[in-house]
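Asks: Give me coordinates for this.
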Amino acid sequence: MIEPEHLATLAAVRRTGSVGGAAAELGYTPSAVSQQVKRLERRVGGAVLERVGRGVMLTELGRHLADEGGDILERLERLESGLGRVTGGPVVGGVRLVAFSTAVRGLLAPALRSLATDEPDLTVTLVERDPHEAIDLVASGGADAALVHNWGDLPLPFPEHLEVVGLGVDTADVLVHRDHRLAGAASTTAAELVDDAWVCAPEGSVCHGWLSHMFDLHGARPRIRHWSWEFASHVGLVAEGVCVSLVPRLGREQLPASVVAVPLTDPVPTRRVMMTWRRSMAPSPAIARVRAALVDVAGQRLSTGPTASP
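Replies: Here you go, the predicted structure:
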């Protein structure tokens, strides 16, 4: 009989395009992944991978196994996820979480602390990713759940087999140097910042999409001079007076004396923070417990927002 573990390994190779990538995702060594692939090939009587350049791709047999095996793995995941509800025992097992950076600092850090105390048999591992990549990882089975966000009315592409629940709403401010002309303003608008130089997350990120959209509403484009994933780097640049930045309040560290946060209006830059997971994991007590811990923290650190699926 084909081992489900071997099907999961093959699926990981397909997602990542390499044995090394699958090993990193699954927490194995490349040698262990290769051995599992070889055992699978012996079982099915043919090659499931072929080398292409520096990577690998699935053969026709491999694609058949991955396609059909995906349904089998989903049913097994649903079966395993519901065991805790039937037995009524303590929450055990592991949850692979993916989250954006400010949620790691502002929500997950305190939630993981409480989970470590209340659920000692539950293991949660964390990887930091932008929302688009996080959704892809959960959808493909590379992670169990994710914290993601979308700005304003810009949607996120959730596949139909994912469940999504809102945790609350976060707000961003424009950060300016204390000598900036708007440093003493009660609020400002994108129209008043058209001529300023900006630092922003790279193109393709959710944050870049919102900044561009915000200026689109005023028929303009932001003058982005600097690119950085890290909001701490944004603050450092603003502190030297070389640019301005749009930085969320969630997970934001105390600002230096030379940096001033000015609220934005027209539009108000708000983002909805959400948790998502595969429907096949919906019965999982581990997912439910992680969600409950995040809801508790979000209730303290985020404003009230919609809780239904988008």
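Asks: hey, let's count contacts and neighbours off CA atoms from now on
Replies: Fine.
Asks: Which neighbouring elements make contact with the longest strand along the chain?
Replies: Longest strand of the chain, by residue count under DSSP state E: strand 162-177. Packing partners of strand 162-177 (3 or more CA pairs under 8 Å, 6 or more residues apart in numbering; DSSP states H and E): helix 231-239, strand 245-248, strand 259-265, strand 270-278, helix 285-301.
Asks: So which residues of the protein form strands?
Replies: Applying DSSP E to the chain gives strands spanning 49-52, 55-58, 93-99, 122-128, 145-151, 162-177, 188-189, 197-200, 223-227, 245-248, 259-265, 270-278.
Asks: Could I get the average pLDDT for the longest one?
Replies: For strand 162-177, the mean pLDDT works out to 96.
Asks: One more: the second one?
Replies: In this model, strand 55-58 has a mean pLDDT of 85.
Asks: quick one, what contacts residue 157?
Replies: Residue 157 makes contacts with 132, 135, as judged by CA atoms under 8 Å, 6 or more residues apart in numbering.
Asks: if you set the cut-off to 10 Å instead, what comes out?
Replies: Taking CA atoms under 10 Å, 6 or more residues apart in numbering, we find residue 157 in contact with 131, 132, 135, 136.
Asks: from memory the third one sits against residue 129, does it?
Replies: Yes: counting by CA atoms under 10 Å, residue 135 does reach residue 129; the two are 9.4 Å apart.
Asks: Got the domain ranges for the protein?
Replies: Annotated domains of the chain cover 4-81, 96-310 [automatic domain parsing].
Asks: For residue 270, name its beta-bridge partners.
Replies: For residue 270, the beta-bridge partners are residue 171 (DSSP bridges).
Asks: my guess is it contacts residue 214, does it?
Replies: No: counting by CA under 10 Å, residue 270 sits too far from residue 214 to count as a contact (11.1 Å).
Asks: Looking at those two, which is more packed in?
Replies: residue 214 (23 against 19; other CA atoms under 10 Å).
Asks: residue contacts, that one?
Replies: Residues counted as contacts of residue 214 (CA under 10 Å, 6+ apart) are 151-152, 189-191, 208, 220-222, 266-269.
Asks: Let me know how buried residue 225 is, in neighbour terms.
Replies: With other CA under 10 Å as criterion, residue 225 counts 12.
Asks: pLDDT value on it, please?
Replies: 96.
Asks: Distance of it relative to residue 238?
Replies: Taking CA to CA, to the nearest Å as the measure, residue 225 falls 12 Å from residue 238.
Asks: quick one: common contacting residues for those two?
Replies: 198, 199.
Asks: quick revisit: take the contacts of residue 157 and lay them out in JSON lines including neighbour count, pLDDT and distance to residue 181.
Replies: Formatted as JSON lines, those follow (neighbours: other CA atoms under 10 Å; pLDDT from 0 to 100; distance: CA to CA, whole Å):
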{"residue": "131", "neighbour count": "24", "pLDDT": "93", "distance to residue 181": "34"}
{"residue": "132", "neighbour count": "18", "pLDDT": "91", "distance to residue 181": "36"}
{"residue": "135", "neighbour count": "28", "pLDDT": "94", "distance to residue 181": "40"}
{"residue": "136", "neighbour count": "17", "pLDDT": "89", "distance to residue 181": "42"}
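Asks: Out of the residues you listed, which is nearest to residue 167?
Replies: residue 131 (14.8 Å; CA to CA).
Asks: quick one: that closest one and residue 209 touch, right?
Replies: No: applying CA under 10 Å as the test, residue 131 and residue 209 come out as separate, 12.0 Å apart.
Asks: what touches both of the two?
Replies: residue 150.
Asks: Between the contacts of residue 214, which sits nearest residue 39?
Replies: Scanning the contacts of residue 214 for proximity to residue 39, where the rule is CA to CA, the winner is residue 208, at 45.2 Å.
Asks: So what's the residue count around that closest one?
Replies: Residues near residue 208, counting by other CA under 10 Å: 18.
Asks: before we move on, what about residue 203?
Replies: Residue 203: 11 neighbours (other CA under 10 Å).
Asks: which residue packs closest to it, ignoring adjacent ones?
Replies: Ranked by CA to CA, 6 or more residues apart in numbering and with sequence neighbours excluded, the top spatial neighbour of residue 203 is residue 209, at 7.4 Å.
Asks: which residues touch that neighbour?
Replies: Per CA under 10 Å, 6+ apart, neighbours of residue 209: 150, 151, 154, 200, 201, 202, 203.
Asks: Pull out the buried members of those residues.
Replies: Among the contacts of residue 209, those classed as buried by 16 or more other CA atoms under 10 Å are 150, 151, 200, 201.
Asks: As CSV, these with pLDDT would be great.
Replies: Listed next are the buried ones among the contacts of residue 209 as CSV, based on pLDDT from 0 to 100:
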residue, pLDDT
150, 93
151, 89
200, 96
201, 94
